[in-house]
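Asker: Mind folding the following:
(chains A and B)
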Amino acid sequence: MKSLRNKMLIFVLVASMVLSIFSCVAYAEPEETDVNLEQENTTDVQDETSITENEGSEESESSEGVTPQAFDQSINNEFDYKAYRNSIKDTAMPVVENWGEYTAKDAVQFDRTTGEKIGPAIVVEGVTSENYENEKYDGALFPEEGIYGWEIDVPQSGWYNITFSYMPYESLEYKDANGDIVKLDCQSSAVQRRVYIDYKVPFYEARQVNLERVWKDESILKLHSDTQNEKRPYQVGTNQWQTVSVRDYMGYEVDPFKFYLEEGSHVLAFEAIKEGMLVEKITIHQIADAKPYADVKKEYANKGLSQVTDALYFIQAEGMHAPEAYTEDQAAIFADAERYGLNLNQEIEGKIPEATYSVLKSSPTLYAITDRSSPSTVPYHHAKIRYNTIGADKWQAPNDWIEWRVNVEKEGLYVISFKARQNTLSGLTTTRKLTINGEVPCAEVENLIFNYDNSFSMYTPETAEGDTILFHLKAGENRIRLESTLGKMGDFLAEGENSLTSLNYAYRRILMITSASPDTNKSYMLDALVPDALEILKTEYYNLVILRNEMMNQYGDEISAQLTSLESMILLLERMVNSSSISAFEEALETKFGASSDPSSDGELADMIVFLNNKLNAGEITEADWTRTFATLKMDHTVIPTLFTNLKDAIAAMGTWINDMSQNPLELDYFVITSEESANSESLPEADAGFFAKLLHEIRSFIASFTEDYDNIGGTVAQDGQEPVVVWLETGAGLTGSRDNATILKQLIDDMFTAKTGVTVSTRLVAGGSLLPSVLSGIGPEVCLSRGAVDAINYAFRGAVMNLANDELFPNWREVLANEERYKHSAVDPFTFGNGIYAIPETQDFFMTFYRTDILEELNLTPPETWDEVYNIIGHLQNKQMTFAMPVPVVGAVGSGNNTFATLLYQKGGQYYTDERDSTMLTTDAALDAFKEWTEFYTLYNLPNTYDFANRFRTGEVPIGIASYSQYSQLAVFAPEIQGLWEFSLVPGTVRTDENGETYVDHSCASTTSGCVMLSMKSDTEEERERISRAWQFMTWWTGEEAQSRFGTEIESLLGAAARYQTANLQAMAELPWDKQSMTMIQEQWNWCKAIPQVPGGYYTARNVEFAWKEVINNPGVDPNTTFTEYVSKIDREIDRKREEFKQKIEQMMS
Amino acid sequence: MAKSEIKAKNKAFFKDWLKYQFKEMRKNGSLYLFMLPYLLVFAVFTILPVIVAMYFSFTYFNVLEPPQWTGFDNYIRLFTADDLFMTAFKNTLFFAVIIGPGGYIMSLFFAWLINELGRKTRAVMTLFYYAPSLASVYPVWKIIFSSDQYGLLNGFLMNTGITMTNIKWLENVDYIVPCCLIVILWSSLGTSFLTFVAGLQNVDRTLYEAGAIDGVKNRWQELWYITLPYMKPQLMFGAVMSISGAFSVGAAITSLVGYPSQDYVAHTLIHHLEDYANQRMELGYACAIAVLLFLLQILANKLIAKLLSKVGE
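Answerer: Below you'll find the predicted structure:
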């Protein structure tokens, strides 16, 4: 830390010296202006320059500046916010009047490599935001690429907050310099920026700052006219001006970040990681602490505010419902118009109740959910779906908020009571920050605490003394917002995270000596080779013991159930402590404090440590003494190798633990805005239902379960006697096979398909494996979704699915299946046999290379372009006891390793089958080479053949590996602590020579596709043709751009980013929320994709290729060539047999 | 006697017999009524499928198109052209010979063992022994036999220094079958175990006293001459269950070593059948395998019945 601090100081010194010399030159240089710039903007820049000069002359003697330099991309995960705070001794937090606002006009774009200003940012003028009709702002466009920021001039050194006023636009139109209208659309993820101060990322956490997008329900919750189930409205992004201070996206640091700015000029720049936004201004200021309620109360009195007595508003937290959604009893209280609109503003009351409140949220995953556990949840129905609550496990990420915009009639003081429940984390509390109209009204509601409970209860914010807190609401619209915050837990987790980083480092240090599975009988002399690692283990043992102790003190003993992972880490580290040094440590304690005061006479090491720490905190022992005492404790370097694999598991478990503990779920049913009197009176409904009400509820739902058709998703609206298209989804089939997904699908069909075309669709979610028997018995569907290529072609051989490449029945099939803009060849090929195509692709998956940028940098390696480079890297990695990961066949899922082989095969120019598809081509040189290379990864390079990619990638043991590109979203969610430290690129390639003699790198890779099939139907009569064309219409719509991208967005909002949809539709793919760089990589790899074709008996290929591979890697010394040839002959025999079986059919298909 | 005479006599006899049977049935009508639901279900879901399967085994049937009659083609191919069938057949016999008697003897032994315990302890122990066959326990064993060094067994062996590297228990051809046997035997205390427990409880206590007077010298004699003969119906039932279970092992192996297992070392007839039915969609052929398996089980049951009749002699 010390060296870093020195470095920083030297940097600042040198920078300021250099700057003072060059600053005049820098300002004198003419601005480079972009061709597209508006005239106006150019003048703005001149203005800016003059302003800066003025300010410079006013506030500082010499005008200073920062020399433009390349933006330093390196990120040091050791130098975190805590270290940053400690590295600077100055603690001044100056409040400087009339300084610190930098508006859109002054924003400039910087060049990444030179750091020079390119020119001013484009300013879009007068942008209104949706719910602020009167407020218009100018915003500087910070697009999804590039570095934008300001040159700022700080009048006084000190710590400052940085606050953005921005709009994460959903879609935006503006006129450019030529008067042309430019239309911008954004994807649906949060805006992410990297913060640079003077061309450097100031500390680790600043590498990524999230600025939330604002979401809302598209409409109120309505009932489905047929089934009487409630429909979930879509989540739509909105254009909203927001104010957010730069803060920790992990949420450990609860308060917004403070940045240290020295007096003088600085460059404050933000690099785009993801998504674009408009920035109205940034404010550099001090965020004041919220006042205690006692002070606020006095202010109320001064302002003459008094309680509103006759007000009673019920606000359904999930949003407005249609009045029919309520039961009669509940309607009397909650939805009855009289009561409902009792105190509403008259103008608003004239409209429908919709206008009374609206719900905004920071994430589309915060949608209304169903709670049927109790009849007292509002609205309630014993059998039908009512989306009656919001939050729960969807509302657990730090910083996620829900905001209600509520209209109240009178200005005054109100009580707000939440009906809430936290029933997931037993023994833990959940924390929320309450803000009203953008401000925390008093310190007490900064951390509102909700306790663990199985049923809902009413929470009314109170002071520590038990006074009900009153909130000031103005007449008209008020913004009431609850924001997820970790509260005290954030500190604990930050400490845990710090320990984890250190332990990971120590693990890697020891790993380099001992390898992942050390020989337990060997002495590694760890004490001599890596004394620092042992020291870290000891210190972290100390820290974790203290952490556990503090957590127990904070939350009580009930929390121990949540601490098992921490506990086992402590126990493990304790086992690594040298047992004889424990008594030495005990003695040291006794001599220091005397035997009588020692609570640790029973010899518990953890107790002794807590004891020592208490003494240190109480100031009874100096730091030097503490160091001396603690030094008597030693780690046992001979035990460490034997416990090494346990250490790795414990580290992984602790990582998961921190992740789990940072979840902060809360479920809300409704809240009440009322007077203190009625909040305490009995007129409010009970939060929890009585025993008999619950019993009745259970009985009624049980009886209803016999009559409700749960399979028929969303019901069907019959339309003038027309038969609906029957669509099946098998559960467990790909991404689409779950009830949630089926519900989304059905809703999309209703809104986007049936509404437009008038074709009705009946969607059924059926058990896996039902298709075959149903086709056999003639009750099958017309369309079945999410079928693999093997299925589709197997059905085709037996005449069970339609050939879609049929000009007569499907005149526009070429637009769908032979459309380069819609699908890559590799998506359609697996469904092709002969002249027929038997399915329309839905999803496509393929490999990418994932690598840890931090570790590769540490080892001085670059991501590999070719396999030769991979071999080179493997050597380097294995020197450090790390390794490279190749996808391996999964035990129990035969054929899963096939793509790895296919990738190598295609890069060598080989192919699976002959062009006639009547036998394999796996005995060619290319195939034998590919097979040999594949096995050598394991026999020669000793790569792991069973591993958990995500986990090992996270610990850094496998800093580079090939995996399905779906791992991207998995990692983004599963391992937030390494966000920004990894990237992906193309799979390694093979250098080949094309026909012109030029060399190129072939990155070919195999892909897996799923698609939807149309089951065979007769097409003799006009009516039958009609039916086929309806089914075709549905299939083309469903696989089309609009439906696929919408489905992808919806499913991601439902299940979170880990469920990103891997659509095969190219246009739809472009709509999904990938950041630009990743998208480019995916597109490039996609171009290289090749399909694995299908033949009759093709299942035998995957199986035997894998058998051959296992035979070779399990029996060292076996010749890969002969083994492979032997297995290939088996495949050929099966193909011959199957061709014989389907002789006629195949001839027909090929002709 | 002339042929026609015999025929007439037989006819008359048959008529009488029918009459008699019918009368008896009417007399016990209520009993048949009680049996009816079961008989119906049994006929529809057991007898009918067997007959249908037998029919399909003589056809070519690819599931999606109507079956075509092919006579004995499937059977001929089974024995002459399918090398995998022989592997599967051999494996099935091997598993059956070990698991059938093994599981049977284990059930009997453990039932006998806990029979002596007090009422409550017995109930608890019964649950303990029976539980493995209730739940799907294979994931637990997969952790034990996990191939990497973090697998429980590998970890144990490497920690104690018995082996130096991890053994791929469920992938290496040499270990697959033993691993499967251990797991299946462990979970084989199923229905037969329960019937044995019940059977042992039903033995008339007075018989032991009588036996003691008649000169039974030890527990083994008591078991052989009194207990086992007395519970022959349960023994028979247990045997039927064990045999049919032993011949149809498949699910356990699939969940342990995947399907198909490396080089088909643990490929049983059930796997072979599923392979043809689900993967290759040759249902006619799969039915032929099923019919063979069915015959095999009947044969084995006959054999067991013979053996069991020797109990107590």
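
Asker: CA atoms for contacts and neighbours, from now on please.
Answerer: OK.

Asker: any idea how far residue A:696 is from residue A:500?
Answerer: As for residue A:696, its distance to residue A:500 is 50 Å (criterion: Cα to Cα, to the nearest Å).

Asker: more neighbours, these two?
Answerer: More neighbours surround residue A:500 than the other of residue A:696 and residue A:500, with 19 against 13 (other Cα atoms under 10 Å in any protein chain shown).

Asker: Pretty sure that one sits against residue A:651.
Answerer: Yes: counting by Cα atoms under 8 Å, residue A:500 touches residue A:651, with 6.9 Å between them.

Asker: Where does the prediction get shaky in the stretch 51-200 of chain A?
Answerer: Scanning the stretch 51-200 of chain A for pLDDT under 70 picks out the ranges A:51-65, A:129-135, A:170, A:186-188.

Asker: All the strands of it, in order from the start?
Answerer: Here the stretch 51-200 of chain A has its strands, by DSSP state E, counting those that start in this stretch, at A:101-103, A:108-110, A:117-120, A:123-129, A:132-142, A:147-154, A:158-167, A:171-175, A:181-185, A:191-197.

Asker: tell me the contacts of the residue of the stretch 351-500 of chain A found nearest chain B?
Answerer: Distance from chain B to each residue of the stretch 351-500 of chain A (Cα to the nearest Cα) is smallest for residue A:500, at 21.2 Å. Listed by Cα atoms under 8 Å, 6 or more residues apart in numbering or on different chains, the contact set of residue A:500 reads A:651, A:654-655.

Asker: Export the residues you listed as TSV, with columns for secondary structure.
Answerer: Shown next, in TSV, are those (DSSP: H, G, I helix; E, B strand; the rest coil):
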residue	secondary structure
A:651	helix
A:654	helix
A:655	helix
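
Asker: Out of the residues you listed, which comes closest to residue A:528?
Answerer: Using Cα to Cα, residue A:651 is the member of the contacts of residue A:500 that lies nearest residue A:528, at 23.9 Å.

Asker: surely that closest one meets residue A:504?
Answerer: Yes: look at residue A:651 against residue A:504 with Cα under 8 Å: they come within range, at 7.1 Å.

Asker: ok, for residue A:420, nearest residue in space, not its chain neighbours?
Answerer: Setting aside the residues directly before and after it, residue A:420 is nearest to residue A:668 in space (Cα to Cα, 6 or more residues apart in numbering or on different chains), at 4.4 Å.

Asker: burial count for that neighbour?
Answerer: Every residue meeting other Cα under 10 Å relative to residue A:668 is counted, giving 23.

Asker: related to what we said a few turns ago, got a winner among the contacts of residue A:500 for most neighbours?
Answerer: The most crowded member of the contacts of residue A:500, judged by other Cα under 10 Å, is residue A:655 (25 neighbours).

Asker: Just the pLDDT for that one.
Answerer: Reported pLDDT at residue A:655 in the predicted model: 81.

Asker: can you tell me how far residue A:1113 sits from residue A:935?
Answerer: 6 Å.

Asker: what's the answer for residue B:12, then?
Answerer: Applying Cα to Cα to residue B:12 and residue A:935 gives a distance of 79 Å.

Asker: which of those two has more neighbours?
Answerer: Using other Cα under 10 Å as the criterion, residue B:12 and residue A:935 rank with residue A:935 on top: 22 against 12.

Asker: residues touching that one, list them.
Answerer: Contacts of residue A:935 were listed using Cα under 8 Å, 6+ apart, and they are A:1109, A:1112-1113, A:1120.

Asker: related to what we said a few turns ago, where does the residue nearest to residue A:420 sit, in terms of helix or strand?
Answerer: When elements are defined using DSSP states H and E, residue A:668 is found to belong to strand A:666-674.

Asker: Report the distance from that strand to the chain centre.
Answerer: The chain centroid and the centroid of strand A:666-674 are separated by 27 Å under Cα atoms, centre = their mean, to the nearest Å.

Asker: Low-confidence regions, the stretch 801-950 of chain A specifically.
Answerer: In the predicted model of the stretch 801-950 of chain A, residues A:890-897 satisfy pLDDT under 70.

Asker: just the stretch 1-150 of chain B next, same as before
Answerer: Looking at the stretch 1-150 of chain B by pLDDT under 70, you get B:1, B:148-150.

Asker: which residues in it form strands?
Answerer: Along the stretch 1-150 of chain B, the stretches classed as strands by DSSP E, counting those that start in this stretch are B:59-60, B:68-69.

Asker: Take those strands and lay them out in TSV including mean neighbour count and distance to chain A.
Answerer: As requested, the strands of the stretch 1-150 of chain B are arranged in TSV below (neighbours: other Cα atoms under 10 Å in any protein chain shown; distance: least, Cα to the nearest Cα, whole Å):
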stretch	mean neighbour count	distance to chain A
strand B:59-60	22	10
strand B:68-69	14	12
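
Asker: list the contacts for residue 93?
Answerer: No chain specified, so I'll use chain A. For residue A:93, the contacting residues are A:158-160, A:286, by Cα under 8 Å, 6+ apart.

Asker: my bad, the chain I had in mind was chain B
Answerer: With Cα under 8 Å, 6+ apart as the criterion, the residues that contact residue B:93 are residue B:247.
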